[in-house]
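Student: Model the structure of this input:
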Amino acid sequence: MSCAAVRPYIPVRSFTDDAALKRIDHLFDGKRIIFLGEPAHYLHEKYPYRLLFITHLFHRGIYRIGMEIGRSDAGRIDRYLESGDEKWLEQVALYGYRGDDRSDRPSSVSGRLFHRNADGVARFRAEEFRFFRALRVLSEARRRGSHRLQFFGYDVDVHSGGAYRDIRELLSPFSAHSTIHEFEERMRRVEGESVAQEIDRLERVREYLNQNRAALKGESDVATIRAVESDLRCLTESLAFTRVANTNPTTPDLIEAFRIREQTMFWQMDEALEARGDIVLMGHNSHLTRDDHQFSDIPSLLEWRWPRIGTYLANKVPVLAIWMLYGSGAHSDLQLCKQETCPVAETEIGRYLGAVGYDFLLPTGRDDFLDRMQNYPINGQVARGRLSRAADVIFFVRQVSGLREN
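Tutor: Numbering: from 1, shown residues only. Sure thing, here's the model as predicted:
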């Protein structure tokens, strides 16, 4: 059976083909959040795919962009988009900045799970910088008086030192006040403290904030203290995640850490939804799924499942879940693959959709084929589920490739 016989597909002639997106414009109507899911983080084609949709949606008036990246790092990217000063991109810890690290021990995730080869990191940084430069150009070309692109992160900071600096900068105009000064003193890192001791200290700082909330607000303002509170919570939870990740954990311990990480995503998105403006949300397909029962990294291990942010949001507000999928090619596995790229595993859905012969958009609907349990591509390997229940639209790329430095 051909793909065309199952459901009409919309050819995408290039990654600038806005006409293709106009044919699904009605699907964007009334949606609070548009998911832009990606099947793997280290694919070259995910960047023009994202830019195509963000450009179209920005012209429709959606200017808030969230990404699966830490809260502190995202704040620096947003300052770049506002100012155009690339020093802010240079100070993103995910891309290698270590100026906010502790001096007595690493502040970053390490261990076998998060090992990264240096060449791959350089290509990843180059791709990310090009993408954010393109977003800056898009934002600055907006109509006079309209909103600029605004960027935020909803993940933990796997390199957690930046939040200390963020909180200092928030409070610096008010440091002369006694309660603010005492809070800052309690925030200071203690030389030689373990990660567990650091978490305990920060929990006590959070208690101090709660007990002295009225005084802190009186010495500063409500918005500042709320931002400090959120930064502090994310910092504490980020350290709790890295504490497990750095120990080369067992599978059950690692799954529990990922559950905690996803809960951090939940409350950060709750905060994001309090503000006005619809949202484009970028992240891995495994997070941005309408139905987390349709996802398993390893089909034979049912415990490799936990509540996902996409399902949480789909149960709260109207969403449109767009997933990029691929047919064949290669990706950059920065953790395991020693070569420049690794071949992706072929899947039944990849072969089925790839038979069309080019890239296209496909609203999933409720047809027999896409509602069938089957393997689909993810992270160069496979996951299993019913695609029509996980995503509303597939953006299919027939051939993918690894990250590029130039």
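Student: Show me what the helix or strand A214 falls within is packed up against.
Tutor: With elements taken from DSSP states H and E, the one containing A214 is helix 213-219. With contacts taken as 3 or more C-beta pairs under 8 Å, 6 or more residues apart in numbering; DSSP states H and E, helix 213-219 sits against helix 178-187, helix 222-245. Where C-beta positions appear, they are placed from N, C-alpha and C, glycine not excepted.
Student: can you do 10 Å?
Tutor: Other helices and strands packing on helix 213-219, by 3 or more C-beta pairs under 10 Å, 6 or more residues apart in numbering; DSSP states H and E, are helix 178-187, helix 195-211, helix 222-245.
Student: pull the CA atoms of that helix into PDB?
Tutor: Included here for helix 213-219 are C-alpha records, laid out as PDB according to Å, rounded to 0.1, in the frame of the first residue of the first chain:
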ATOM      1  CA  ARG A 213       9.400  36.100  51.700                       C
ATOM      2  CA  ALA A 214       7.600  39.300  52.800                       C
ATOM      3  CA  ALA A 215      10.800  41.000  53.900                       C
ATOM      4  CA  LEU A 216      12.600  40.000  50.700                       C
ATOM      5  CA  LYS A 217       9.800  41.300  48.500                       C
ATOM      6  CA  GLY A 218       9.800  44.500  50.500                       C
ATOM      7  CA  GLU A 219      13.500  45.000  50.000                       C
END
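Student: can you offset everything so residue one is 145?
Tutor: In the new count, where the first residue is 145, that last one comes out as helix 357-363.
Student: Give me the mean pLDDT for that helix.
Tutor: The average of the pLDDT scores along helix 357-363 is 96.
Student: got the buried residues for it?
Tutor: A359, L360, E363 (16 or more other C-beta atoms under 10 Å).
Student: which one is the second one nearest to, not counting chain neighbours?
Tutor: With sequence-adjacent residues excluded and distances taken as C-beta to C-beta, 6 or more residues apart in numbering, L360 is closest to I369, at 5.0 Å.
Student: The first one too?
Tutor: Among residues not flanking A359 along the chain, T323 sits closest, at 4.3 Å (C-beta to C-beta, 6+ apart).
Student: who's in contact with the one you found?
Tutor: For T323, the contact set (C-beta atoms under 10 Å, 6 or more residues apart in numbering) comprises Y352, L353, N356, R357, A358, A359, L360, K361, G362, E363, S364.
Student: For it, report the pLDDT, please.
Tutor: pLDDT at T323 comes out at 97.
Student: What's the separation between the residue nearest to C378 when sequence neighbours are not counted and A285?
Tutor: Using C-beta to C-beta, 6+ apart and skipping the chain neighbours, the partner closest in space to C378 is R215 (4.6 Å). Using C-beta to C-beta, to the nearest Å, we find R215 at a distance of 28 Å from A285.
Student: which of these two has more neighbours?
Tutor: R215 (25 against 9; other C-beta atoms under 10 Å).
Student: Angles on the backbone of the more buried one, please.
Tutor: The phi/psi pair for R215 (degrees, to the nearest 10) reads phi -60, psi -50.
Student: cool, and the one 5 residues further on?
Tutor: Backbone torsions of R220, given as degrees, to the nearest 10, read phi -70, psi -40.
Student: residue contacts, it?
Tutor: 214, 231-239, 241, 295, 297, 306, 309-310.
Student: Low-confidence ranges, the stretch 345-494 of the chain, go.
Tutor: For the stretch 345-494 of the chain, residues meeting the criterion pLDDT under 70 lie at 440-448, 478-484.
Student: mind running it again at 50?
Tutor: 480 (pLDDT under 50).
Student: Regarding stretch 325-336, how distant is the last residue from the first?
Tutor: 23 Å (C-alpha to C-alpha, to the nearest Å).
Student: Centre-most residue in the chain?
Tutor: Central residue of the chain (C-alpha atoms, centre = their mean): E212, 0.9 Å from the mean position.
Student: State the helix or strand in which that residue lies.
Tutor: Element membership for E212 (DSSP H and E) is strand 208-214.
Student: Report the angle between that strand and helix 366-389.
Tutor: 40 degrees (axes from the mean of the first three to the mean of the last three C-alpha atoms, to 10 degrees).
Student: Let me know the average pLDDT across strand 208-214.
Tutor: Averaged over strand 208-214, pLDDT sits at 98.
Student: need the contact list for the residue lying farthest from the centre of the chain.
Tutor: No residue in the chain sits farther from the centre than S322, which is 37.8 Å out by C-alpha atoms, centre = their mean. Contact partners of S322, counting by C-beta under 10 Å, 6+ apart, are A359, E363.
Student: and what of R157?
Tutor: R157 neighbours (C-beta under 10 Å, 6+ apart): A163, A164, Y502, D503, F504.
Student: What about the third one, how many residues nearby?
Tutor: What it means is Y502. Using other C-beta under 10 Å, Y502 has 13 other residues around it.
Student: And the last one, by the same measure?
Tutor: Here the neighbour count serves as a burial measure; for F504 (other C-beta under 10 Å) it reads 20.
Student: separation between the closest residue to it other than its chain neighbours and F327?
Tutor: Closest residue to F504 apart from its sequence neighbours, by C-beta to C-beta, 6+ apart: Y153 at 4.4 Å. Y153 is 56 Å from F327, where distance means C-beta to C-beta.
Student: higher neighbour count, these two?
Tutor: Higher neighbour count among Y153 and F327: F327, with 25 against 18, using other C-beta under 10 Å.
Student: who's in contact with that one?
Tutor: 311, 315, 318-319, 321, 349, 352-353, 356, 359-360, 363-364, 369, 372, 376.
Student: Can you select the buried ones among the residues you listed for me in PyMOL?
Tutor: Applying 16+ other C-beta under 10 Å to the contacts of F327, the buried members can be selected in PyMOL as follows:
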select buried, resi 311+315+318+321+349+352+353+356+359+360+363+364+369+372+376
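Student: Now the two most distant members of the contacts of F327.
Tutor: The two members of the contacts of F327 with the most space between them (C-beta to C-beta) are H321 and L376, at 17.9 Å.
Student: where does the stretch 195-344 of the chain dip in pLDDT?
Tutor: Using pLDDT under 50, nothing in the stretch 195-344 of the chain is flagged.
Student: Strands of that one, residue ranges please.
Tutor: With strands called from DSSP state E, counting those that start in this stretch, the stretch 195-344 of the chain shows them at 208-214, 294-299.
Student: In this protein, where's the longest strand?
Tutor: strand 463-475 (DSSP state E).
Student: Alright, I will stop here.
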